[in-house]
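K.L.:
Everything below, folded, please.
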Amino acid sequence: MADGWAGTDGGTECGPSAQTAAGVLARPPLGVTANGSLGGRMAADNNHRTNPLSSVDALADGNHAGVRKRISDLISGLPPKAVRDLLEYTTAKTNGGADPSLDIVKGILVDFLNRRRPNRAQRLFTELFEPVLISDPALLRHNRYVPGVYQRFDIGALWGELSRDAFPGLAETAQARVDDLARAMLVEDALKSPDLRRMQADMRCAALEHLEKLRKSRSALGKFMTAVNEARTAAGSIAGGGNADAARDTLPPLDRKFLDDVEEWLSFVEISGAVIKAKLPSIAYGQDQAQTRTRRLEMLVKSTDELRTKLAEVSDGTRHYLILPLTAINVKQHYLLIAGLIRDYCSDHVELERLSEALTGHFAATCTDLRLALEAVLALDARSGTPPMMVPDKSRKDIDRRLDRMTRALSAIVASGLLEDQMAERVFSHYWRELTRYLSNRLAPAVQARLRQGMKWGTSVPPDRDDIGWLTRFLLRWHDAASEAAQESVFFETWREENLTSVRKALASLKSVPEDELADGIDYLIRLQHITALFKVQLPTYFAVSSTHLAQVVVGSLRDEAEITGDRRLLLRGFIKLAKEEVARTQGWPNPTLVEVLELAKARDLLV
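P.N.:
Numbers count the residues shown, from 1 in each chain. Have a look, this model is predicted:
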């Protein structure tokens with residue numbers, strides 16, 4: 001098979017190879033350390049900060065056990081990339097024959113990295129899907145089928161059933177052979193050996209034969225899919241801390257369409273796999289500039305036509321050529337490129353249906369994913385009253401990333417013209433309304449309650465001020481995305497005006513401030529300024545020059561000898577401007593407090 005996808009020397013026919021039929025190879029013991037263990041955390045003393053290779057001299061002196069243990073402990077505290085870099089350095093040294101003792105160090109490093117990959121025969125099988133494999137939690141939890149999606153999680157569950165039903169002996173043989181080779185090399189290098197490539201080809205053929213048998217029996221197919229879904233639930237339960245019910249709720253079951261996609265991919269993997277590996281990296285992201293996107297779209301159309309031609313030589317009528325644009329959206333998330341493909345190039349009904357289903361599926365998944373992320377972090381269902389809403393920095397970045405993805409998918413849906421299609425519009429509206437309902441009925445009111453808490457005079461600065469600011473900006477970003485896509489977000493305009501009205505009321509109700517609390521007064525105004533700034537409004541817009549209490553705070557701040565900068569300066573200059581206009585208007589009977597404000601402002605060089 002071409003491009004290293006399966007066999008060598010021109011490939012293998014479906015059926016067990018001579019090497020596979022030879023029997024299970026003897027499985028060598030794992031581990032190279034004297035005590036049979038490679039683990040432990042890196043100790044905190046300074047001796048463990050040294051380079052592991054500094055202990056090579058001790059290996060030459062015969063102190064193997066102690067030095068092996070020390071090197072193992074050292075590398076256990078390093079990230080895998082650092083261990084890989086160390087392995088490359090050691091390999092270069094051993095190839096040069098600099099020091100035979102480095103072979104022992106190399107063995108320890110190889111064994112450490114390989115221990116992270118126990119399911120080695122499974123890796124051989126999943127490599128067949130490598131160009132299209134993804135690990136996308138949003139699509140994994142999505143309850144609708146999306147064409148051309150091959151999740152690592154799902155292929156792993158499929159492997160479990162195929163290795164038991166379709167090629168059990170072959171799976172054991174492959175695992176033993178990889179284990180044998182992995183004693184001296186990394187697993188990924190071992191998988192490239194010719195005999196394992198032949199086994200990979202045999203796995204592919206056996207899988208196709210088994211799937212073909214399942215196609216002929218509805219009951220057998222049902223049992224197989226039930227077993228695959230149970231394996232997914234079990235794996236999800238382990239990942240979720242043993243909660244099988246939660247795993248079942250968050251992992252919608254796979255259906256027959258998934259097996260159809262798997263069978264189609266395995267049938268044409270030699271051709272489509274090579275084209276995807278060669279062409280997909282040259283296709284830029286869909287959110288690039290329009291000129292670049294047009295050029296990349298032309299490249300995608302040309303490459304898809306080339307794949308169509310190659311597939312037509314081996315199979316009439318297949319639509320598998322769509323795997324290239326489907327991979328562009330599923331693996332690379334080129335939403336705007338696919339939107340252009342749908343709008344400008346799709347005339348075939350099947351093409352339009354498959355690509356539309358993929359794009360709307362991604363949009364729906366990103367809406368749900370964003371809502372679930374907010375629900376998990378904020379836990380609004382468990383709240384009572386107005387407790388602080390703390391959002392860790394890591395969660396903020398994660399939610400911002402999800403919002404960005406949803407925004408790109410939204411823009412692509414609108415640009416593709418799919419909202420004119422009744423079925424696509426129905427899917428779009430359902431998930432958009434679901435997200436909007438959560439934001440308007442749950443998140444926005446909770447944020448508003450915290451904003452009003454911060455508007456109260458005499459209260460300390462809320463501990464979640466930064467978090468509430470971030471959540472308000474999040475809602476603003478969502479509103480901007482909705483507006484650009486011409487989608488309704490009426491509630492946001494009402495919500496925004498209600499918050500600004502609360503600020504105006506807070507200013508109007510500002511009471512006489514004692515002399516010793518004037519500094520608190522200006523801090524309170526700065527707090528209100530931070531709130532209005534979230535809505536792109538400057539607080540001085542709401543200043544009433546007739547407010548004696550507000551003028552009191554301004555006078556006290558101008559008398560303070562502290563340097564006037566930032567928000568404090570902005571607020572004072574805003575009031576000073578109004579005071580200057582008011583004094584000019586009432587020249588005969590100027591307000592003495594306002595006159596004092598102008599005099600102090602002139603002394604502090606703040607006159608506007």
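
K.L.:
how long is stretch 210-225 from one end to the other?
P.N.:
End-to-end span of stretch 210-225 (C-alpha to C-alpha, to the nearest Å): 13 Å.

K.L.:
buried set for that stretch?
P.N.:
210, 211, 214, 221, 224, 225 (16 or more other C-beta atoms under 10 Å). Bear in mind the C-beta positions are built from the backbone N, C-alpha and C, glycine included.

K.L.:
Tell me the one among the residues you listed nearest to residue 454.
P.N.:
Comparing the buried residues of stretch 210-225 against residue 454 with C-beta to C-beta places residue 225 closest, at 53.3 Å.

K.L.:
if we can go back for a sec, turn the buried residues of stretch 210-225 into JSON lines, including distance to residue 138.
P.N.:
Below are these laid out as JSON lines (distance: C-beta to C-beta, whole Å):
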{"residue": "210", "distance to residue 138": "31"}
{"residue": "211", "distance to residue 138": "27"}
{"residue": "214", "distance to residue 138": "29"}
{"residue": "221", "distance to residue 138": "28"}
{"residue": "224", "distance to residue 138": "27"}
{"residue": "225", "distance to residue 138": "23"}
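
K.L.:
any idea which of these is closest to residue 131?
P.N.:
residue 211 (19.8 Å).

K.L.:
Against residue 157, how distant is the closest one?
P.N.:
When C-beta to C-beta, to the nearest Å is the yardstick, residue 211 and residue 157 sit 15 Å from each other.

K.L.:
same deal with residue 325?
P.N.:
26 Å.

K.L.:
which stretches of this structure have low pLDDT?
P.N.:
Scanning the chain for pLDDT under 70 picks out 1-67, 94-101, 237-249, 284-291, 381-386, 608.

K.L.:
where along it do the strands fall?
P.N.:
Remark: strands assigned in the chain by DSSP state E are 133-134, 150-151.

K.L.:
So what are the sheet partners of the first one and their directions?
P.N.:
Note on strand 133-134: by DSSP bridges, its sheet partners are strand 150-151 (parallel).

K.L.:
Show me the contact partners of the strand it pairs with.
P.N.:
Residues outside strand 150-151 that contact it (C-beta atoms under 8 Å, 6 or more residues apart in numbering) are 129, 132, 133, 134, 135, 136, 139, 140, 261, 262, 265, 330.

K.L.:
Pull out the buried residues from those residues.
P.N.:
By neighbour count, with 16+ other C-beta under 10 Å, the contacts of strand 150-151 hold 129, 132, 133, 134, 136, 139, 140, 261, 262, 265, 330 as buried.

K.L.:
how about JSON lines for those residues, with distance to residue 367 added?
P.N.:
Listed next are the buried ones among the contacts of strand 150-151 as JSON lines, based on distance: C-beta to C-beta, whole Å:
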{"residue": "129", "distance to residue 367": "27"}
{"residue": "132", "distance to residue 367": "24"}
{"residue": "133", "distance to residue 367": "24"}
{"residue": "134", "distance to residue 367": "19"}
{"residue": "136", "distance to residue 367": "14"}
{"residue": "139", "distance to residue 367": "12"}
{"residue": "140", "distance to residue 367": "15"}
{"residue": "261", "distance to residue 367": "23"}
{"residue": "262", "distance to residue 367": "27"}
{"residue": "265", "distance to residue 367": "28"}
{"residue": "330", "distance to residue 367": "17"}
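
K.L.:
how far away is the residue nearest to residue 506 when sequence neighbours are not counted from residue 478?
P.N.:
What sits nearest to residue 506 in space, not counting adjacent residues and going by C-beta to C-beta, 6 or more residues apart in numbering, is residue 455, at 4.4 Å. The gap separating residue 455 from residue 478 is 23 Å, by C-beta to C-beta.

K.L.:
cool, residue 308 as well?
P.N.:
39 Å.

K.L.:
Likewise for residue 178?
P.N.:
From residue 178 to residue 478 the distance is 48 Å (C-beta to C-beta).

K.L.:
Counting neighbours, what do you get for residue 173?
P.N.:
Residues within reach of residue 173, counting by other C-beta atoms under 10 Å, total 24.

K.L.:
doesn't residue 199 make contact with it?
P.N.:
Yes: counting by C-beta atoms under 8 Å, residue 199 is a contact partner of residue 173 at 6.8 Å.

K.L.:
hey, where'd the helices end up in the stretch 501-608 of the chain?
P.N.:
For the stretch 501-608 of the chain, the helices defined by DSSP state H, counting those that start in this stretch occupy 518-534, 548-559, 566-585, 592-603.

K.L.:
which ones are touching residue 186?
P.N.:
Residue 186 sits in contact with 87, 110, 113, 114, where contact means C-beta under 8 Å, 6+ apart.

K.L.:
would you list those residues in TSV and tack on distance to residue 421 and neighbour count?
P.N.:
Shown next, in TSV, are the contacts of residue 186 (distance: C-beta to C-beta, whole Å; neighbours: other C-beta atoms under 10 Å):
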residue	distance to residue 421	neighbour count
87	53	19
110	54	22
113	49	18
114	50	21
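
K.L.:
ok, so of those, who is nearest residue 396?
P.N.:
For the contacts of residue 186, the nearest to residue 396 is residue 113 (33.5 Å; C-beta to C-beta).

K.L.:
Now do the contacts for the closest one.
P.N.:
Counting by C-beta under 8 Å, 6+ apart, the residues that residue 113 touches are 80, 83, 84, 87, 186, 187.

K.L.:
In a markdown table: those residues, plus distance to residue 166.
P.N.:
Shown next, in a markdown table, are these (distance: C-beta to C-beta, whole Å):
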| residue | distance to residue 166 |
| --- | --- |
| 80 | 32 |
| 83 | 36 |
| 84 | 34 |
| 87 | 35 |
| 186 | 28 |
| 187 | 23 |
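
K.L.:
biggest separation within those, which pair?
P.N.:
Going by C-beta to C-beta, the pair spanning the contacts of residue 113 furthest: 83 and 187, at 13.8 Å.
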